[in-house]
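Q: sequence and computational prediction follow.
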Amino acid sequence: MAKARWGAVLAPVAVDLVLPLLIFYGLRQSGVGIVGATLAGSVIPVVRTAYSIVRGRKVDWMAVFMIIALAVGTVASLAMHSPRMLLAKDGVITALCGFWMLGTVAFGKPLLLSIGRGIAEAKRGQGGGEIWASRWDKEPRFRHGVRLITLVWGIGLVFDASVRVVIAYALPLDAVPGITTAQWIILFVLLYGFMMIYSRKNDLLA
């Protein structure tokens, strides 16, 4: 079961990060320009996200937001003829996701509550998801834990975004994708590790 859970988590990460990186550097070695190589790699996350929406047969607003943000960022970068802006756009998108998560903590139910409910439904059916989510109304400690995890993820994403933008404008263009991908993998492992350890310790696992 543990291997299955890690596989479900790491598979999208590999598709969204490693595959676009291989495409980018493969095309660069073949003589394709920065813009073309970057756009070719960025198609992969969009296709995977769109497929997840179709397969789930329901609207995932976070996924829809990601697709729209990628499209807008790409069009803006091309319109301004800026390869660095094209490379930095992922940082801007990450920042928006981070602020979205922080906003759900401040103004409503944290995003991790709905994500956790979806995980519980996948494991134990709709009834299991409802039982897990119903703890929000009954257990103050549960509410605190879900808020804290969402807050940590939100801050982490905003931090990641800030570093990504700095790297995109400070380092050689060809070095940017590799360094930002390595940075995100390290941060993701830290954030996910914290979430799992804290969730187990405080009985928050979906």
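A: On my side now, so go ahead.
Q: need the contact list for residue 143.
A: residue 136 (CB atoms under 8 Å, 6 or more residues apart in numbering). Glycine gets a C-beta too; all of them are placed from N, C-alpha and C.
Q: mind redoing it with 10 Å?
A: 109, 110, 113, 135, 136, 137 (CB atoms under 10 Å, 6 or more residues apart in numbering).
Q: which one of these is nearest residue 191?
A: Minimum distance to residue 191 across those is 14.7 Å, recorded for residue 110 (CB to CB).
Q: ok, now which ones touch the nearest residue to the closest one once chain neighbours are set aside?
A: Distances taken as CB to CB, 6 or more residues apart in numbering put residue 150 closest to residue 110, at 3.7 Å, once the chain neighbours are dropped. Applying CB under 10 Å, 6+ apart to residue 150 gives the contacts 101, 102, 104, 105, 109, 110, 111, 112, 113, 115, 116, 195.
Q: next, residue 150: secondary structure please.
A: Reduced to three states with DSSP: H, G, I helix; E, B strand; the rest coil, the structure at residue 150 is helix.
Q: so residue 32: helix, strand or coil?
A: Classified using three-state DSSP, residue 32 is coil.
Q: number of nearby residues for it?
A: Residue 32: 16 surrounding residues under other CB atoms under 10 Å.
Q: ok, it touching residue 174?
A: No - Residue 32 is beyond contact range of residue 174, at 11.7 Å (criterion: CB atoms under 10 Å).
Q: what is in contact with those two at once?
A: Here residue 32 and residue 174 have residue 24 as joint contacts, going by CB under 10 Å, 6+ apart.
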